[in-house]
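K.L.:
no sequence on hand, only this structure:
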């Protein structure tokens, strides 16, 4: 072998070793860039042949407080889930408990209360047998009958608030956590958010994504960006950031496997929209909020509002687009990420669970004589 050939061979070996070392170091830092397939969808739905592309949604059950009845829900219902028998579990943050109804909407029992919880914000039903509740720095585990099992501290995240958390089949927790504060050096308020996976004792496994945003008082953003996500039956995680119409899909080990993009036309924020949003802030935070802050509105609504999945892996995105009846459109993607159809629901309703061709929703309350009442609904789905 000539000296030139030997030198070339040795240089390639060295480059290979350095490449492996660099890859290993980047992996430890979480910096590996993984190329994933991208599904790009147009503005209008296009369902592949042979796939149901029309969805009819009809009200099947309404659970609401009647005039003169004892208070059924506060205006702060935060989650609704159903077990295999159709029993419905409703997390009422305002009353610090979970109310359980049978499949016909008849009240069965209440779990927890102000003595057990401070302010529960998230609930998750595990196999219809156990319940997880996030409550002011702790995760509580209960049986579906209301028997306390254990309590786990979320450690360094105890001062964070959460929009959502879910369990995969391995018992790991996927959670979006947020922390608000004030930077005395810059005189700006900030919000930090993380989307992460941890074990049931809240020991971190992986941070999927993180962000930080800030603003200067007295302005307060009408829309604070955040994560939306769901864990599917195969333990894959579908997640998005509200400012972009992009969905990321990670596998059970939090490795990215697919990206879904949809074209959309941003909806402009009107003066009527500003008035309605301001009323929502005033109701939730009180008049003192407006004595301290001025709401700052962008030109357009964010790309998306909420995310849900069903039991076969379809993805549902709540947009800000209206139909002709002042309802809001939900876009529907098949399990492969193709935009196949859309339907509309009342604008205040959020979908919390879709299973066995039923949709379970709760709204953010309806006005009546200065009292705001939450409503829980079940919809029947029919695909064509």
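P.N.:
Everything's here; your move. All of these numbers come straight from a predicted model, not from anything done at the bench. Numbering: from 1, shown residues only.

K.L.:
who's in contact with residue 171?
P.N.:
Neighbour list for residue 171: 199, 200 [criterion: Cβ atoms under 8 Å, 6 or more residues apart in numbering]. Backbone N, C-alpha and C define where each C-beta goes, glycine included.

K.L.:
quick one: average confidence on stretch 133-144?
P.N.:
Stretch 133-144 carries an average pLDDT of 87.

K.L.:
low-confidence ranges, the stretch 51-200 of the chain, go.
P.N.:
For the stretch 51-200 of the chain, residues meeting the criterion pLDDT under 70 lie at 65-71, 75, 158-159, 162-163.

K.L.:
doesn't residue 381 make contact with residue 55?
P.N.:
Yes. The pair residue 55 / residue 381 is scored as a contact, 6.3 Å apart, by Cβ atoms under 8 Å.

K.L.:
per the record, what domains does this protein have?
P.N.:
Following automatic domain parsing, one finds the domains of the chain at 1-33, 34-383.

K.L.:
which one of the ones you listed is the most hemmed in?
P.N.:
Among the domains of the chain, ranked by average contacts under mean count of other Cβ atoms under 10 Å, first place goes to domain 34-383 (a mean of 16).

K.L.:
excluding chain neighbours, what is closest to the residue nearest the centre of the chain?
P.N.:
The residue lying closest to the centre of the chain (Cα atoms, centre = their mean) is residue 228, at 3.6 Å. The spatial neighbour of residue 228 that comes closest, neighbours along the chain excluded (Cβ to Cβ, 6 or more residues apart in numbering), is residue 307 at 3.8 Å.

K.L.:
that neighbour: what secondary structure?
P.N.:
strand (DSSP: H, G, I helix; E, B strand; the rest coil).

K.L.:
quick check: pLDDT value at it.
P.N.:
pLDDT recorded at residue 307 is 97.

K.L.:
look up how far residue 180 lies from it.
P.N.:
22 Å (Cβ to Cβ, to the nearest Å).

K.L.:
likewise for residue 116?
P.N.:
Residue 116 is 26 Å from residue 180, by Cβ to Cβ.

K.L.:
what of residue 155?
P.N.:
For residue 155, the distance to residue 180 - Cβ to Cβ - is 19 Å.

K.L.:
run through the bridge partners of residue 206.
P.N.:
Beta bridges link residue 206 to residue 197, judged by DSSP bridges.

K.L.:
pretty sure it is touching residue 197, no?
P.N.:
Yes. With contact defined as Cβ under 8 Å, residue 206 reaches residue 197; the gap is 5.0 Å.

K.L.:
overlap of the contact sets of the two?
P.N.:
With Cβ under 8 Å, 6+ apart as the test, residue 206 and residue 197 both reach residue 254.

K.L.:
what residues are bridge-paired with the residue nearest to residue 228?
P.N.:
Bridge pairing for residue 307 - DSSP bridges - gives residue 317.

K.L.:
so what's it up against?
P.N.:
228, 229, 230, 238, 239, 240, 247, 315, 316, 317, 318.

K.L.:
can you rerun that using 6 Å?
P.N.:
228, 240, 317 (Cβ atoms under 6 Å, 6 or more residues apart in numbering).

K.L.:
in what helix or strand does the residue nearest to residue 358 when sequence neighbours are not counted lie?
P.N.:
Nearest residue to residue 358, sequence neighbours excluded (Cβ to Cβ, 6+ apart): residue 378, at 5.5 Å. Residue 378 belongs to strand 375-383 when assigned by DSSP states H and E.

K.L.:
picking up where we left off before, residue 43 versus the residue nearest to residue 228, what's the distance?
P.N.:
19 Å.

K.L.:
before we move on, what SS does residue 213 have?
P.N.:
strand.

K.L.:
so it bridges to which residues?
P.N.:
With DSSP bridges as the rule, residue 213 is bridged to residue 191.

K.L.:
wait, it sits on residue 191?
P.N.:
Yes. Assessed by Cβ atoms under 6 Å, residue 213 is found in contact with residue 191 at 5.3 Å.

K.L.:
beta-bridge partners for the residue nearest to residue 82 when sequence neighbours are not counted, please?
P.N.:
In this structure, residue 82 finds its nearest non-sequential neighbour in residue 88, 5.2 Å apart by Cβ to Cβ, 6+ apart. Per DSSP bridges, the residues bridged to residue 88 are residue 82, residue 101.

K.L.:
residue 88 contacts residue 77, doesn't it?
P.N.:
No. Here residue 88 does not reach residue 77: they are 11.5 Å apart, not a contact under Cβ under 6 Å.

K.L.:
quick one: the helices in the chain, in order.
P.N.:
3-29, 271-285, 287-292 (DSSP state H).

K.L.:
among these, which gets the worst mean confidence?
P.N.:
Of all the helices of the chain, helix 3-29 has the smallest average pLDDT, which comes to a mean of 39.
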